[in-house]
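**Q** No sequence on hand, only this structure:
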RNA sequence: GCCAGCGUAGCUCAGACGGCAGAGCGGCUGAUUCGUAAUCAGCGGGUCGGAGGUUCGAUUCCUCUCGCUGGCUCCA
């Protein structure tokens, strides 16, 4: 007589013989093929999981948030099955779910071509149609190794030898078997709506000295509609691509003649940067910051002292002048430190908050460069705060408040906040780390912000808070970082004289709120899809005269509005009004003022708002104050 | 840096067996003077990313190089 296991589902309790798969419960639950898995606490169990002890289970169906990840994982197995069938001799690596789909790594001499991907996708569809059951197997380690050796899957053998215990879990569907903890969907028939997206290189076990595998990326959904929605989302993201918009709207320019990762801000981008920087400076002054300017190079010895030559890999090679070596700066910190040390500091003058839009140069590896988001020369919206221990928490709070105030102005309302704590390798005293981590956490708590802790993910020189912002289509971007630094304060022997007359070590906070002007601009372009709000738009209004005889009137309006500080231009091309409007819409100019006979006689203009269409005729005197208000408020949309 | 792919007019892209280089948009000129997303006609515009090699001949094939793209790795 086998032991009976009690399984509670909702209000009902079922009994199962120990070791029977949970799939025995299917007929009684009346969910039919909607039932995908069970959830037991935080653990997901597939239907082939054997009843082991009394549990309370929750059925998981396609509408549950957990289901998608399992679908993706199962889809990666399906991908591997198709690839191994179509390309004998290929070895499978690993194949997990990602945040938006799945991938699988393969070792193969030839590259997978786009045609190969089509063939693989087709084969995946066929296997899905066969609706093969996906079975969970528990094998003795030696047996599992033998199975994968027979199949020539050496990478799998290596994984089992490394990770497997005495017994290992494998999953089997048709002739395909994989070393995997699961869980998985009940059968391949659930994996119907699949799209393979790309293929790229990936290192075996992430080690760049090891062999390089080919990684096939894909995604899958439970319905054609969801898959289409996701593919549309990708298309939407492509339309927003800041590299494309940056060129179309003439915001910035890169050129082979400059070198990789170096950016020219063209006039339309430069005016936006100017406006952002002014706003940034005003807000920093309000928060009691002072400004610093520092040079772009300094003696190599400075960077030896700071430890950068030793620890920082992305430095440009030094250059020699009159027998002395100089270094292009990758960071601003040492300059602010030198300013701090320019004289003795008293506890009375702390905290010092020194900000600089500091341009730095980092020799990033060529392969990581990406538009404005990863460049070699960029300007950080940097600041260093030197403060006493009793000031630390308030300073951090102030930084977070300022960060959120700035980000909100651009329409970023959703954040993911991470507190990264002490890693295994660290400098500074344990006591200082504890104080600092506590201050960071208290600052977050008292700002009533939700955050998650990244245990051990701090930098070796101090704990940090990172803020990721969510853009208009839900993507996350890392911009803000607030870091404590125990390393530089020590290396440069920073001190202040305390109330007690003794020397004390100040706490040093390093922070960038927008991150860098380049990256932030890239994110902004994508966030707004090039439709900058009125206060940032390079050209706020374009005046479109209907015929030549209206041009003088157009210029009259132009000079009037320019005198009021608006960025306005006149389209004096000899095109029809329809063409002028089209051109202005393409240039994403927020306001279009159409002027013809009617307006000339009525001393008015006919307003059209980008994306909103014709607003009708109005007097300039009524429009102007409203526009000035929108600009002053940094309004994100134009409502009149 | 690594794997894979790409580089043709300002932009988006065709093209060919190795044999005079093509379109649309933009630009310029002219005509049109027009009311809410493209008026018509004409004209310019190219070291086919750069260097070297093979060849009678290379934009096309080969090598190197620069730049870009998707990833990996990295990110004090």
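**A** Right, received. Where do you want to start? This is a predicted model, so every value here is computed, not measured.

**Q** Run through the helices of the stretch 51-200 of chain A in chain order.
**A** For the stretch 51-200 of chain A, the helices identified by DSSP state H, counting those that start in this stretch occupy A:65-86, A:114-130, A:141-150, A:154-163, in order along the chain.

**Q** Burial-wise, tell me which of those helices comes out on top.
**A** Per-residue neighbour counts averaged over each of the helices of the stretch 51-200 of chain A give the maximum for helix A:65-86, namely a mean of 22 (mean count of other CB atoms under 10 Å). All C-beta atoms are positioned from the backbone trio N, CA, C, and that covers glycine.

**Q** And the helices of the stretch 51-200 of chain A: which comes nearest RNA strand B?
**A** helix A:114-130 (8.6 Å; CB to the nearest atom of the strand).

**Q** Which other helices and strands does the closest one contact?
**A** helix A:65-86, strand A:193-203, strand A:212-221 (3 or more CB pairs under 8 Å, 6 or more residues apart in numbering; DSSP states H and E).

**Q** Flag every buried residue along the shortest one.
**A** What that stands for is strand A:212-221. By neighbour count on 16 or more other CB atoms under 10 Å, the buried set for strand A:212-221 is A:213-221.

**Q** Parallel or antiparallel, which strands does that strand pair with?
**A** Next to strand A:212-221 in the sheet, as set by DSSP bridges, lie strand A:102-107 (antiparallel), strand A:193-203 (antiparallel).

**Q** Mean pLDDT lowest where, among those strands?
**A** With a mean of 91, strand A:193-203 has the lowest mean pLDDT of the strands paired with strand A:212-221.

**Q** That strand vs helix A:114-130, what angle?
**A** Relative orientation of strand A:193-203 versus helix A:114-130 (axes from the mean of the first three to the mean of the last three CA atoms, to 10 degrees): 130 degrees.

**Q** Can you lay out the strands paired with strand A:212-221 as CSV showing mean neighbour count and distance to residue A:485?
**A** What follows is those, written out as CSV (neighbours: other CB atoms under 10 Å; distance: least, CB to CB, whole Å):
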stretch, mean neighbour count, distance to residue A:485
strand A:102-107, 23, 37
strand A:193-203, 17, 32
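
**Q** what about these, which gets the closest to residue A:119?
**A** Comparing the strands paired with strand A:212-221 against residue A:119 with CB to CB, the closest turns out to be strand A:193-203 (10.0 Å).

**Q** and that closest one with RNA strand B, contact?
**A** Yes - if you take CB under 7 Å from any atom of the strand as the test, strand A:193-203 does meet RNA strand B, through A:198-203.

**Q** Is it possible to get a markdown table of the helices of the stretch 51-200 of chain A that adds mean pLDDT and distance to RNA strand B?
**A** A markdown table is the format used below for the helices of the stretch 51-200 of chain A (pLDDT from 0 to 100; distance: least, CB to the nearest atom of the strand, whole Å):
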| stretch | mean pLDDT | distance to RNA strand B |
| --- | --- | --- |
| helix A:65-86 | 93 | 14 |
| helix A:114-130 | 92 | 9 |
| helix A:141-150 | 92 | 23 |
| helix A:154-163 | 90 | 15 |
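
**Q** What residues does residue A:91 make contact with?
**A** Contact partners of residue A:91, counting by CB atoms under 8 Å, 6 or more residues apart in numbering, are A:106-108, A:152-156.

**Q** How about it: what's its closest non-neighbour residue?
**A** residue A:107 (4.1 Å; CB to CB, 6 or more residues apart in numbering).

**Q** How is the residue of chain A found nearest RNA strand B assigned, secondary-structure-wise?
**A** Using CB to the nearest atom of the strand, the single residue of chain A nearest to RNA strand B is residue A:367, 1.9 Å away. Recorded secondary structure, residue A:367: helix (DSSP: H, G, I helix; E, B strand; the rest coil).
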